[in-house]
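Peer 1: using only what follows, build the 3D model:
(one chain, ligands or ions: 5)
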Amino acid sequence: MSVRAELLERFLDAASRGDEEALSLMLSQSRELLDQRGEQGWSALMLAARNGHYDAARVLLSNGCDTSVTNRSGQTAGDVALFWGHRHIVRLLPSRDTEDPDIHFNRDDGEWLAARRASPETVFLLFHALSPLVRSGAEHEEQIQLCKLGSAAVQELLGSSRTLEVFLGVEKQQEDDGMLAWFALSTEDDPTQLLKDKDPSSFFLQEAMPGLLRLSDDDAGVLAQARSVLAWHSRYRFCPTCGGDTKVEEAGYKRTCLRAGCRSLQGVHNTCYPRVDPVVIMLVLHPDGKQCMLGRKKIFPPGMFSCLAGFVEPGETLEAAVRREVQEESGVQVGPVQYLSSQAWPMPSCLMIGCHCVAVTTDIKADQNEIEEARWFTRQQVMDALVKDKRAVFIMPPRQAIAHYLLKHWVGCNANL
Ligand SMILES: NC(=O)C1=CN([C@@H]2O[C@H](COP(=O)(O)OP(=O)(O)OC[C@H]3O[C@@H](n4cnc5c(N)ncnc54)[C@H](O)[C@@H]3O)[C@@H](O)[C@H]2O)C=CC1
Ligand SMILES: [Mg+2]
Ligand SMILES: [Mg+2]
Ligand SMILES: [Mg+2]
Ligand SMILES: [Zn+2]
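Peer 2: Residues are numbered from 1 along each chain as shown. Ligands and ions are numbered 1, 2, ... in the order given. Here you go, the predicted model:
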């Protein structure tokens, strides 16, 4: 090994171990080590982020280290810290998921919305019966992308009483100070005619699953928001309090009852706003720390096992919901519960609250109604499934589901990868 390669290896090793003194010393002698990546494609900052070494990350940052460098999976150090749950380090670093959009807009400002609607840059997504208009992806046949239409293409839909409009937000433009606005339009018109007019290669994606898994992560995020709000409109046409007619307000985020004197018009009422259903989803760890429990619903594709999940009920804490659902579905008693991460799941509008929890009993008695089968799996079995090894005894939930993340996190925590 060359002297330079050896030096870099020592530098990266110091970052992995969190030895900030060694890092400072080596940087004072050869600064060019700062952003170099090792054989695995990881920089010192990524390694410090991976292992949760706050002081080491600070030393690297104070030396002016580049936070935008990515590894072979396209992750920055910020992404790595976020993935491994090192929130104190996430806060030090710019990361796509944690950047606060510093844009403010007012959904009540009709003039501003009208200007955005008319702007030629504005993006419109089209829906029919909750199905988004998509076309095949440019790169893989498997991939699909949302059709992003301009205002000219949707002109006749915009004013129509058969169109429902939901403002999705604005995206800050890099080049100028401009803002790109996004809207979802849901039309009741016959899609065949619409498709012929717009883009013959496009189609309405009929089944939510597994079709939605074929979208890019960015498209899926936008779609989660649009689809949840549109699904709410389609189910709550009338006032849930009195059954009266409603009008749509706040750019698609409120339905106000038109009947004078309706109780929903006094005070704040959740019947007027899109609903979000909290669902706990948990990886149950065996008391021995070496196995985890996964279950199978009848509707799952053959061979797939996933984390147990269930709706939070009124009056419950998240911990109580985790303990109740695990008990109901598997008969196993749960002790400590730890929250890890959450995910919007637009089928139709769940907020998945991802937890790890530790069992205090181990006998499984699966509730046959909800779960076809539940089993303990070893870490090796989870790793085999994760890398799709031929020895794998089950199939992982898809990468996009939070259940996948909960499993991957557990494997990583223990194996010290
Ligand atoms: N992103 C992911 O990784 C996963 C997402 N999920 C989502 O979580 C949801 C809930 O999980 P389940 O195991 O089905 O829940 P669950 O174990 O609470 O059982 C669902 C049943 O509970 C009843 N229920 C009680 N409160 C409800 C409410 N507010 N809304 C609808 N039904 C309610 C219904 O009868 C329903 O069939 C699923 O519908 C699915 O969309 C589930 C597993 C993985
Ligand atoms: Mg349940
Ligand atoms: Mg369940
Ligand atoms: Mg339940
Ligand atoms: Zn009413």
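Peer 1: C-alpha from now on. contacts and neighbour counts both.
Peer 2: Noted.
Peer 1: for whatever residue of the chain ends up closest to ligand 1, give me its contacts.
Peer 2: Proximity of the chain to ligand 1 (C-alpha to the nearest ligand atom) peaks at Gly310, 3.3 Å away. Residues in contact with Gly310 (C-alpha atoms under 8 Å, 6 or more residues apart in numbering) are 279-281, 321-322, 325.
Peer 1: need these in TSV with secondary structure, can you?
Peer 2: Listed next are the contacts of Gly310 as TSV, based on DSSP: H, G, I helix; E, B strand; the rest coil:
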residue	secondary structure
Val279	strand
Val280	strand
Ile281	strand
Ala321	helix
Val322	helix
Glu325	helix
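Peer 1: filter the residues you listed by proximity to ligand 1?
Peer 2: Counting by C-alpha under 6 Å from any ligand atom, Val279 from these sit close to ligand 1.
Peer 1: identify the residue spatially nearest to Asp217, adjacent ones excluded.
Peer 2: Spatially, and ignoring its direct neighbours in sequence, Asp217 is nearest to Gln400 (8.0 Å; C-alpha to C-alpha, 6 or more residues apart in numbering).
Peer 1: quick one: name the residues of this structure near ligand 4.
Peer 2: Remark: the part of the chain in contact with ligand 4 comprises 310-311, using C-alpha under 5 Å from the ion.
Peer 1: if we can go back for a sec, neighbour-wise, give me the winner out of the contacts of Gly310.
Peer 2: The residue in the contacts of Gly310 with the most neighbours, by other C-alpha atoms under 10 Å, is Val322 (33 neighbours).
Peer 1: residue contacts, it?
Peer 2: Applying C-alpha under 8 Å, 6+ apart to Val322 gives the contacts 280-282, 309-310, 337.
Peer 1: pick out the most distant pair among those residues.
Peer 2: Gly310 and Val337 (14.8 Å; C-alpha to C-alpha).
Peer 1: okay, Ser136: pLDDT?
Peer 2: Looking at Ser136, its pLDDT is 85.
Peer 1: once you drop chain neighbours, what's closest to it?
Peer 2: Nearest in space to Ser136, with sequence neighbours left out and distances taken as C-alpha to C-alpha, 6+ apart, is Ile144 at 4.4 Å.
Peer 1: just give me the neighbour total for the one you found.
Peer 2: Residues near Ile144, counting by other C-alpha under 10 Å, number 22.
Peer 1: go ahead and confirm it touches Leu215.
Peer 2: Yes. In terms of C-alpha atoms under 8 Å, Ile144 counts as a neighbour of Leu215; the distance is 5.4 Å.
Peer 1: so Thr362 touches Val332, yeah?
Peer 2: Yes. Counting by C-alpha under 8 Å, Val332 is a contact partner of Thr362 at 6.1 Å.
Peer 1: out of those two, which sits in the more crowded spot?
Peer 2: Applying other C-alpha under 10 Å to Thr362 and Val332 shows that Val332 carries more neighbours, namely 21 against 17.
Peer 1: can I assume the more buried one sits in a strand?
Peer 2: No. Counting by three-state DSSP, Val332 is located in no strand; its state is coil.
Peer 1: next one: it from ligand 3, what distance?
Peer 2: According to C-alpha to the ion, to the nearest Å, Val332 stands 14 Å off from ligand 3.
Peer 1: name all residues that make contact with that residue.
Peer 2: By C-alpha under 8 Å, 6+ apart, the neighbours of Val332 are 326, 359-365.
Peer 1: kindly recompute the last result at 10 Å.
Peer 2: For Val332, the contacting residues are 284, 293, 323-326, 359-366, by C-alpha atoms under 10 Å, 6 or more residues apart in numbering.
Peer 1: just these now: which is nearest Phe394?
Peer 2: Phe394 has its nearest neighbour among the contacts of Val332 in Met293, at 12.3 Å by C-alpha to C-alpha.
Peer 1: helix or strand: which one has the residue lying closest to that closest one once chain neighbours are set aside?
Peer 2: Closest residue to Met293 in three dimensions, ignoring its sequence neighbours and counting by C-alpha to C-alpha, 6+ apart: Trp376, at 4.4 Å. Using DSSP states H and E, Trp376 sits within strand 373-378.
Peer 1: partner strands of that strand, with direction?
Peer 2: Sheet pairing here is set by DSSP bridges, and for strand 373-378 it gives strand 291-296 (antiparallel).
Peer 1: chain center to the partner strand, what's the gap?
Peer 2: 22 Å (C-alpha atoms, centre = their mean, to the nearest Å).
Peer 1: list of residues touching the lowest-mean-pLDDT helix or strand in the chain?
Peer 2: In the chain, no helix or strand scores lower on mean pLDDT, DSSP states H and E than helix 191-198, which sits at a mean of 78. Outside of helix 191-198, the residues within contact range by C-alpha under 10 Å, 6+ apart are 127-129, 133, 147, 149, 153-154, 187, 200-204.
Peer 1: now the residues you listed as TSV including pLDDT, distance to ligand 5 and neighbour count?
Peer 2: Formatted as TSV, the entries for the contacts of helix 191-198 read as follows, by pLDDT from 0 to 100; distance: C-alpha to the ion, whole Å; neighbours: other C-alpha atoms under 10 Å:
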residue	pLDDT	distance to ligand 5	neighbour count
Phe127	95	27	23
His128	94	27	19
Ala129	92	25	16
Leu133	93	33	22
Cys147	93	36	21
Leu149	93	36	20
Ala153	89	36	14
Val154	90	32	16
Thr187	93	25	21
Pro200	79	43	11
Ser201	84	43	10
Ser202	89	39	17
Phe203	89	37	20
Phe204	91	34	20
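Peer 1: picking that back up, tell me which element the residue nearest to Asp217 is part of?
Peer 2: Per DSSP H and E, there is no helix or strand for Gln400.
Peer 1: cool, and the one 5 residues further on?
Peer 2: Under the assignment given by DSSP H and E, the secondary-structure element containing Tyr405 is helix 402-415.
Peer 1: just the ones of the contacts of helix 191-198 in strands?
Peer 2: Among the contacts of helix 191-198, the ones falling in strands (DSSP state E) are 127-128, 133, 187, 203-204.
Peer 1: tell me the spacing between Gly244 and ligand 3.
Peer 2: For Gly244 relative to ligand 3 (C-alpha to the ion), the value is 34 Å.
Peer 1: how about that residue: what's its closest non-neighbour residue?
Peer 2: Phe238 (5.7 Å).
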